[in-house]
Structure formats: structure tokens, C-alpha cells
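Trainee: Test case, fold it:
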Amino acid sequence: MPARASFLTGQYPHNTGMWDNIGRVHDAHSTYLHPLRQAGYRTCHVGKSHLHPHGGGKDLRDELPYMHALGWDDVLECTGPLSTQTTFSILTDWMQQEGIYQTFLDDYRRRAEHQGPALWPSPLPEGKHPDDFMARTAIEYIEKSDRSQPLFLFVGLGGPHNPWDPPKRFDTYRNEDMPPPLPADPAPEWLSDAALRHHIELMRHNKDVTPEQWARMRALYSARVEHVDYCMGQVLQAWYAHRGRDTWVLFWSDHGDMLGDKRRTAKSVFYRGSAQVPVILRPPDGCKPTVCDGLVSTVDLTATLLDIAGCEPQPNVFGSSLLPALNEPTSVGSQFVLSEVHDKTMISDGHWRMVVNPENEVLELYDLVSDPDETINLAGKPGTEEQVDRLRSALLEFLLRTADRQFREINA
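Mentor: Model (predicted):
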């Protein structure tokens, strides 16, 4: 939710107040959707948004006024895989109509009760996976859309995400082909008390998972990635067939997955496996495949969307457009990037990465050039004081520069 709110607003968790998977964007005027609509676009959300709390028997359609206030004209919202057990939506309606909802619930209950990782594919019939439904819903919307009006379509698939439940026909990856995960790291002797407690918390998970189980998890995750690629390919084919190729495509993920590295799964840590996400930008006429190595972040994607639509730069969007990278890949990127989750803040210049807590204690410090796998935490090591002071100064400047921004509606 912090990443999704940042993508929607171009702001950081310290602006939105969303540091965890709770809450919502309180300033509904602050999203990029309102400038897009003013520029003539119709806006539609299909699939997972997670822009408000889920669970507890809630029905997503009760949130339609909130979603419309954010700037969505049309809302066809679903939940991600885990929340689908306890949240009603057009997805659960469809699953009940297809007679597969109980099969889905029984499978997820079995996974929750299973001792150790639940490592088997989805039992749902072919073409009946929730991501299949979300892609098909997007396709049906595209085919009914008015081609005379510009359209901004957000398609949010639930995968790849735990539990690792690809459709059976995608379960073709071999365990022996999977690279082994990085082992848990030892605790260096120089760690402070706060850094040591942080280290112990990071490394305490999944001690009983075997190498074979990690390999199977990675194989299933690879199958989920392929399934997502397949679903998005179907959506793009429908778009090009109905609306033509005068279209920008932005592919993005809200987080990664540790997949066993340092004995961790899932997200919410600052290691590359969790915090570094894929971004692909394709202009209407295509372009030469190019990799941009600059430091970019989610808020840059917000600025890029607005630039594509010809909107004026918004004062509450902190990122910079990535469009110059299409002509010159080295022309984009920041000196530092910031990431925030729970109560911790990370800053990186691409060479060094530092994490601090609310008391400004250094919990992590990594030299990403000499230690790209982030195995040796240098927090507290003698000789690193200069780097810590430099990053702390940059973080303070960054926070001050981005602290006083909000949507301002001018009085009539």
C-alpha cells in the first residue's frame, strides 16, 4: 500500500502517511488521475488496487465513492490472492458463479494449515485463475471502450505473489535449474545494540526450510511470472486490436520477493530482492531496447505518466519524468533514492545504502559495489563515519525539501 499510494500521488510515505498496509490516501485531489481527466482522458481501474483496507467480510463496491473521488471514472476492482478469502468483489461473485469459490477457499485454508511452505500449483480449472479473470475483465472493458476518447487503463494483477499458486500448465520449471538463495548473514562484531536487534529480526525466519523447498518455491514463482506475462500479453493484444498502437505502455510492480534470500520470503525490507522492482516503458512506435542504470523510483513513474499526457508538472509530485531516457539513457536518474516502510527509512546513492530508525540510529550500511549481495552490514564499523555523515546529511536535506508539499485548492 505505501508503494501504491506513492505511485498514485508521486509522494513519499512521509507525505501520504501510509507507511504500512493500512489507511488510505486522505487527499483524494492529490492523485495523477485528476490532471489526466482534465487532459481529456477517461480513467479506468481493473484488478487489484489495495488503496484502502481489505478483509473482515468487506465488499469492495462499498469503496466506489472513494475510488471515484481519487479520479477513477470506471472501477472494476478486485483484491489480491490472500485478501480474496475475506473480501467480496466482482472476483468472488464470478468465482461463485463458476462454482470454484469453495475450491479456492479450501486450497488457501490447506495452505495456511500446512506445515512449512505450501508448494503446489493452483487446483482451479484452466483459465479460472483470479489473474485470468482480471485480464479477461480488462479485455472486455477495452473491447467496449470508446475509441474516440483517450483512455488511461490501469490493470493490476495479483501475481506474482505468495502463495505461489500458478495454473498447472505453467508449472514447468525444474527445481534443479533454480539458483540457490543467498544464505543468512552472520552478525558482525561492530554492530550497535539497535543494529544487532535489527539483524537478529531480519535473520530469524524460515530456519527449517530445506534447499529443495527453496528451489521448488522459486520454480513456482517463475511459473507465476510467466502466467502474469501471458495475461498481460492477452490484454495488450486486445488493446492493439481495438484501439491501435498509438499507445504508451508502462509495466511496473509494487514490490519484489526475497524468495529465500537470507531465509526470507515476501517484502517490506530494503534488500534488492524486495525493494528493487521492474519497470518497462514502451512508446507508441516502440524503441530500441535500452536499459537505464540511473537511480529512479516510483515517484518518477508518476511524473512520467503526467509528461506523457501533456500535463503541467504538479507541485505535489516529487519525481522526474523518465521520457528523456528514450533518447539518452544517462540523462535521467537522481543522486539519491529514498524508500520508507514501517518505521524505517532507507537512502541510497547507488554505491552505499543506509537504513535508519526513528531515533536516527543506523541499522544497515552496505557498500553495494564491493558487496552487491548485501552480506556484510557495515553499520558501526570504524572507518565508515564519513559515509554515514554524508548520507545522513543528504537524508535530512531530502526530507526537508519534500516535507511541506500538499494539494492546494485556490480560493475562488
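Trainee: all helices in the chain, in order from the N-terminus.
Mentor: 2-9, 13-16, 33-38, 64-70, 90-98, 101-113, 130-144, 193-203, 211-243, 272-275, 298-308, 385-403 (DSSP state H).
Trainee: Same list (those helices) but as TSV, adding distance to residue 54.
Mentor: For the C-beta atoms, the positions are set from N, CA and C on the backbone; glycine is no exception. Shown next, in TSV, are the helices of the chain (distance: least, C-beta to C-beta, whole Å):
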stretch	distance to residue 54
helix 2-9	12
helix 13-16	18
helix 33-38	21
helix 64-70	13
helix 90-98	12
helix 101-113	14
helix 130-144	14
helix 193-203	26
helix 211-243	20
helix 272-275	21
helix 298-308	21
helix 385-403	29
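Trainee: For residue 166, find the nearest of these.
Mentor: Residue 166 lies closest, by C-beta to C-beta, to one member of the helices of the chain: helix 211-243, at 3.6 Å.
Trainee: what angle separates the closest one from helix 130-144?
Mentor: Here helix 211-243 points in a direction 10 degrees away from that of helix 130-144 (axes from the mean of the first three to the mean of the last three C-alpha atoms, to 10 degrees).
Trainee: So which of the helices of the chain is nearest residue 122?
Mentor: Of the helices of the chain, nearest to residue 122 by C-beta to C-beta is helix 101-113, at 7.0 Å.
Trainee: if we can go back for a sec, so which of the helices of the chain has the densest surroundings on average?
Mentor: helix 2-9 (a mean of 23; mean count of other C-beta atoms under 10 Å).
Trainee: surely residue 358 meets residue 343?
Mentor: Yes. Counting by C-beta atoms under 8 Å, residue 358 does reach residue 343; the two are 5.3 Å apart.
Trainee: okay, now the closest residue to residue 402 other than its chain neighbours: neighbour count?
Mentor: Distance criterion C-beta to C-beta, 6 or more residues apart in numbering; nearest residue to residue 402, sequence neighbours excluded, is residue 318 at 5.5 Å. The number of residues packed near residue 318 is 23, by other C-beta atoms under 10 Å.
Trainee: cool, residue 80 as well?
Mentor: 20.
Trainee: Also the one 4 residues further on?
Mentor: Neighbouring residues of residue 84 were enumerated by other C-beta under 10 Å; the total is 22.
Trainee: residues in contact with it?
Mentor: Residues in contact with residue 84 (C-beta atoms under 8 Å, 6 or more residues apart in numbering) are 78, 91-92, 104, 130, 158.
Trainee: so which of those comes closest to residue 8?
Mentor: Of all those, residue 8 sits closest to residue 78, with 17.1 Å by C-beta to C-beta.
Trainee: pLDDT at the closest residue to the closest one other than its chain neighbours, what is it?
Mentor: Excluding the flanking residues, the one nearest residue 78 by C-beta to C-beta, 6+ apart is residue 91, at 4.0 Å. We have a pLDDT of 98 for residue 91.
Trainee: low pLDDT regions in the stretch 301-412 of the chain?
Mentor: 405-412 (pLDDT under 70).
Trainee: roughly how far apart are the residue nearest to residue 402 and residue 229?
Mentor: 31 Å (C-beta to C-beta, to the nearest Å).
Trainee: try residue 368
Mentor: Counting by C-beta to C-beta - residue 368 and residue 229 are separated by 29 Å.
Trainee: With residue 120 instead?
Mentor: Residue 120 is 21 Å from residue 229, where distance means C-beta to C-beta.
Trainee: Then residue 239?
Mentor: In terms of C-beta to C-beta, residue 239 sits 15 Å off from residue 229.
Trainee: again, but for residue 314
Mentor: 32 Å.
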